[in-house]
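Structure for this input, please:
(2 chains, ligands or ions: 2)
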Amino acid sequence: MTPRLELRGISKSYPGVLANDDISLSVLPGEIHAVLGENGAGKSTLMKIIYGATPADAGQIYCDGKAVPEHGPAVSRELGIEMVYQHFALFESITVVENIALSMPGKMDLKGLALRIREVSERYGLPIDPDRLVLSLSVGERQRVEIVRCLLRQPKLLILDEPTSVLTPQAVRKLFETLRQLSDEGCSILYISHKLDEVRELCHSATVLRGGKVTGETDPRQATSAELARMMVGKDLPEMMVEPSELSHMPLLSVNNLNLAPETVTGTSLKAVSLEVFGGEIVGIAGVSGNGQGELAAAISGEKITSAAEDIVLEGRPIGHLNAGRRRDLGLGFVPEERLGRGAVPPYELSENALLTAHRLGMVKHGMANRRKARDFAADVIEKYNVKASGPSAKAHGLSGGNLQKFIMGREIELSPKVLLVSQPTWGVDVGAAAYVRQTLIDLSRSGQAVIVISEELEELFEICDRLYVICNGELTPSLNRADTNVEEVGLLMTGTGSKPAAPDVQTESVRYAV
Amino acid sequence: MDLFISMFAATIIAATPLIFAALGELVVEKSGVLNLGIEGMMLVGAAFGVWAHFAGLPMIVALAAAVLAGAAASLLFGVLALTFMTNQYAAGLALAIFGTGVSAFIGRGFGSTPVDAIQPIHLPGLSDIPVIGAMFFQYDPLVYFSFVMFGAVSWFLYRTKAGLALRAIGESPDSAHAIGFEVIKIRYLAVMFGGAMAGLGGAYLSLVYTPLWVENMTAGRGWIALALVVFAAWRPKRVILGAWLFGGMTILQLQGQAIGLKVPSELLSALPYLATIAVLVLISRNRQAMALDFPVSLAQPFRPKG
Ligand SMILES: Nc1ncnc2c1ncn2[C@@H]1O[C@H](COP(=O)(O)OP(=O)(O)OP(=O)(O)O)[C@@H](O)[C@H]1O
Ligand SMILES: [Mg+2]
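Ligands and ions are numbered 1, 2, ... in the order given. Here you go, the predicted structure:
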């Protein structure tokens, strides 16, 4: 059988890094082929070369046996190659259906297209409303839009760069059904993911990259996760260490009966949300994206100021009326889910990005920034958190997704906040680094700080959290102790179909803490 | 009443060159390109229109010459800003200065020779209706054409796929490139449309409004057009409103001086600018709505990644 796609000797270098080094691989029609590798291994670069968004320095690409000359995305799409980017390519100021119309050939028929979007998104279990502005969508919802956009074009080769990083378990299962169906229909799929269980469940073959080189090929269905991880990292993963914690007497952060109108017409309003976090524990907030997590994060971080100061209390001090900067001054750290644009300024150097929040460590005197201190700080973070970057002067948008995440996490943790709020801490972070980030969060909490993790990944939450809240439709359930609950119960609560834990539980709980 | 009617008509006419130039610039900016050279392109259009007219060519050809000259001038900016990715502010300012010079050179010799201006058209029946006829149906064809262009631009931007693509490019050229749009090519087309419209606006001044060639005859209208686009928050309807407001204020100020209002004339001359800005700022207070219309990538050079 002629391969659907064949790469021979693809190389690509960026200033200071060889991102792809003589890579060859081939994908048969209908094959689901995984590309595995650590953050910065060169996976996204390779995909962009295949799709034509970036030219290779050397090497050839063959599609269905025919050589593809130097090409752009337009040519790829004519060949039937579609790609979902790791960082999305959506336009915020227009609606979902308009976004999708832009990548459909021929005349524009928004009404007809909206119908087809509804149909496809329902069939594949990726619910999206075609008439909403992309501006108002959460990251998870945006990803659904990207996937539906590709599916509508009936591709021959579909490239998915970490598609499931922000999907719920149910949505992932539905997506896999779709992908299998596509593969049965003869569509080849290139699949990048850091979730090895998924790869083993879905993919027919896998190519492993390390440092831009192919270091192995394997059948993931026959391999264990540990074996795959070893191929990627080159050594075994460390075990997670969770020590029992000692809680502070008073909650470090509490949210009291917070009601908040949504920012946008389509957002979710928060309804009487209350939560408490004590020093020494990690508290998780589980939920399907778009259920008010964004609003809650904005309210706690200070991106949105609440109506009453007492709505949010940090160490006994009402802070609801303070802006984000003042709250950071008081020791409230925040890592947003969007790393490009909100967590970091893409065209800025890492040292400048460090300065943005770490200036509190005395990097500014008389209004003048001490650049050397900022550089030293950035260099520290890069080393300590094992960020793959050419140095403090690397631009943020040049970093691979996972490495930028590590850098931002590191920057916030180094500020030793009293309370750290993290949204999707390991989104797009490779297995080795994810273990490291989780361990760092645990260590942070065990040294007496309070950590709140907003995540859609239940496994992650169950791995690191002491207690869990579930957010659904802007309402928060009373908290659940990790030991007393399980993934199924939380999964049901996330979809709003589970029975809520009885409220008295919480009271006994807070009584227990107060003792 | 007669005074009102004549002021109304004068307003519409005074707004016409602004409408052409600003609608053109609106399309340019919606694609994420900032061309500050409108003044230069208008002048080039004005001069070439007059030149073609005195070369004995029919009026419609003279207008076409102005349109082509404006587009050609904008290409100069396009090459600098889009191909060589120079700073767009600098390239635009260069065009403004360059256009002023070129127009003075072309217009040399035609100075102050009156042009056989394009006349209002008489619409049998309509133009004769009392009041209504004088207010709405006694204009030259270009005034009507400016309304056609308003409709065409609005329709293009908000109803066609190409317009959607143009707005998308203005928001994020990287994403547009990623899904396969030829960003540079589309921006070139937008820039040339802007140049053509500015050229037409200029020709309106030299062939209809004034109507003769005077050096620097645009007298800052190119800059006003630029400001109109910004204060109109990148919406076609508001561009028109702004142009009328500015035209109206200009006429009012002239009348004010004529009837000897006890206000210093310098203050009066500032009135159109102040009033236009004040009103447009007021109507664009809604930040969230504005965010949707603002071309985020404005004035940032686009370099395909690789
Ligand atoms: N535009 C760019 N400019 C400079 N360097 C780049 C650019 N894009 C990628 N790189 C570098 O190339 C290397 C490979 O990056 P790439 O994004 O392909 O990694 P990845 O395997 O996709 O990682 P991740 O799992 O974190 O997404 C990294 O070292 C990165 O810093
Ligand atoms: Mg990547």
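
C-alpha from now on. contacts and neighbour counts both.
Noted.

Show me where the stretch 1-150 of chain B dips below the pLDDT cut-off.
Along the stretch 1-150 of chain B, no part satisfies pLDDT under 70.

same thing but at 80, please
B:1, B:111-112 (pLDDT under 80).

Show me what residue of it gets nearest to chain A.
Nearest residue of the stretch 1-150 of chain B to chain A (C-alpha to the nearest C-alpha) works out as B:Lys30 at 12.1 Å.

which helix is the longest one in chain B?
helix B:2-30 (DSSP state H).

helices or strands next to that one in the packing?
helix B:38-54, helix B:132-136, helix B:141-159, helix B:161-171, helix B:183-204, helix B:221-231, helix B:236-258 (3 or more C-alpha pairs under 8 Å, 6 or more residues apart in numbering or on different chains; DSSP states H and E).

Tell me what angle that helix forms with helix B:221-231.
When axes from the mean of the first three to the mean of the last three C-alpha atoms, to 10 degrees is applied, the directions of helix B:2-30 and helix B:221-231 differ by 70 degrees.

how about the residues of chain B that lie near chain A?
Within reach of chain A by C-alpha under 8 Å from any C-alpha of the partner chain, chain B has these residues: B:160-161, B:164-165, B:168, B:171-172, B:174-181, B:291-293, B:305-306.

same thing but 10 Å
B:159-162, B:164-165, B:167-182, B:288-289, B:291-296, B:304-306 (C-alpha under 10 Å from any C-alpha of the partner chain).

Just the buried ones from those?
Neighbour-count burial (16 or more other C-alpha atoms under 10 Å in any protein chain shown) is assigned, among the residues of chain B next to chain A, to B:161-162, B:164-165, B:167-182, B:292-296.

Next up, the contacts around whichever residue of the stretch 351-500 of chain A sits closest to chain B.
The nearest approach of the stretch 351-500 of chain A to chain B comes at A:Gly398, 10.7 Å away (C-alpha to the nearest C-alpha). Neighbour list for A:Gly398: A:Tyr14, A:Pro346, A:Pro347, A:Tyr348, A:Glu349, A:Ala389, A:Ser390, A:Leu404 [criterion: C-alpha atoms under 10 Å, 6 or more residues apart in numbering or on different chains].

Correct me if wrong: the second one contacts A:Ser400.
No: with contact defined as C-alpha atoms under 10 Å, A:Pro346 does not count as touching A:Ser400 (11.8 Å).

Mind checking which of those two has more residues around it?
A:Ser400 (23 against 18; other C-alpha atoms under 10 Å in any protein chain shown).

Relative to B:Ser172, how far out is the more buried one?
Distance, A:Ser400 to B:Ser172, by C-alpha to C-alpha, to the nearest Å: 20 Å.

and the helices and strands packed on helix B:2-30, which is most packed in?
Mean neighbour count, computed with mean count of other C-alpha atoms under 10 Å in any protein chain shown, is highest for helix B:38-54 among the helices and strands packed on helix B:2-30, reaching a mean of 32.

Give me the buried positions along the very next helix or strand once past it.
In the C-terminal direction, the helix or strand that comes right after helix B:38-54 (DSSP states H and E) is helix B:59-78. Of all the residues in helix B:59-78, those buried under the rule 16+ other C-alpha under 10 Å are B:59, B:62-78.

Which neighbouring elements make contact with helix B:59-78?
Applying 3 or more C-alpha pairs under 10 Å, 6 or more residues apart in numbering or on different chains; DSSP states H and E, one finds that helix B:59-78 contacts helix B:38-54, helix B:88-107, helix B:183-204.

State the helix or strand in which A:Val429 lies.
Under DSSP H and E, no helix or strand contains A:Val429.

I'd guessed it sits against A:Leu404; true?
Yes: taking contacts as C-alpha under 10 Å, A:Val429 lies within contact range of A:Leu404: 9.2 Å.

Need the residues touching each of those two.
What both A:Val429 and A:Leu404 touch, as defined by C-alpha under 10 Å, 6+ apart, is the set A:Asn39.

So for these two, which sits in the more crowded spot?
Comparing A:Val429 with A:Leu404 by other C-alpha under 10 Å, the one with more neighbours is A:Leu404, at 28 against 25.

For A:Met232, see how far away the more buried one is.
Counting by C-alpha to C-alpha, the gap from A:Leu404 to A:Met232 is 19 Å.

Please apply the same query to A:Thr178.
Counting by C-alpha to C-alpha - A:Thr178 and A:Met232 are separated by 27 Å.

what about the two, which has more around it?
More crowded of A:Thr178 and A:Met232, by other C-alpha under 10 Å: A:Met232, with 25 against 16.

Going by neighbour count, list what's buried in the longest helix of chain B.
For helix B:2-30, by 16+ other C-alpha under 10 Å, it's B:7-30.

Check which helix or strand the most centrally placed residue in chain A maps to.
Centroid-nearest residue in chain A, with C-alpha atoms, centre = their mean: A:Trp427, separated by 2.7 Å. If you go by DSSP H and E, A:Trp427 is not part of any helix or strand.

buried subset of the contacts of A:Gly398?
Among the contacts of A:Gly398, those classed as buried by 16+ other C-alpha under 10 Å are A:Pro346, A:Tyr348, A:Glu349, A:Ala389, A:Leu404.

Out of those residues, which sit inside helices?
Going by DSSP H, the helices hold A:Leu404 from the buried ones among the contacts of A:Gly398.

Looking at the buried ones among the contacts of A:Gly398, which one is closest to A:Asn256?
In terms of C-alpha to C-alpha, no member of the buried ones among the contacts of A:Gly398 lies closer to A:Asn256 than A:Leu404, at 33.6 Å.

which stretches of the stretch 151-300 of chain A form helices?
Ranges of helices within the stretch 151-300 of chain A are A:169-184, A:196-202, A:225-233, A:293-301, based on DSSP state H, counting those that start in this stretch.
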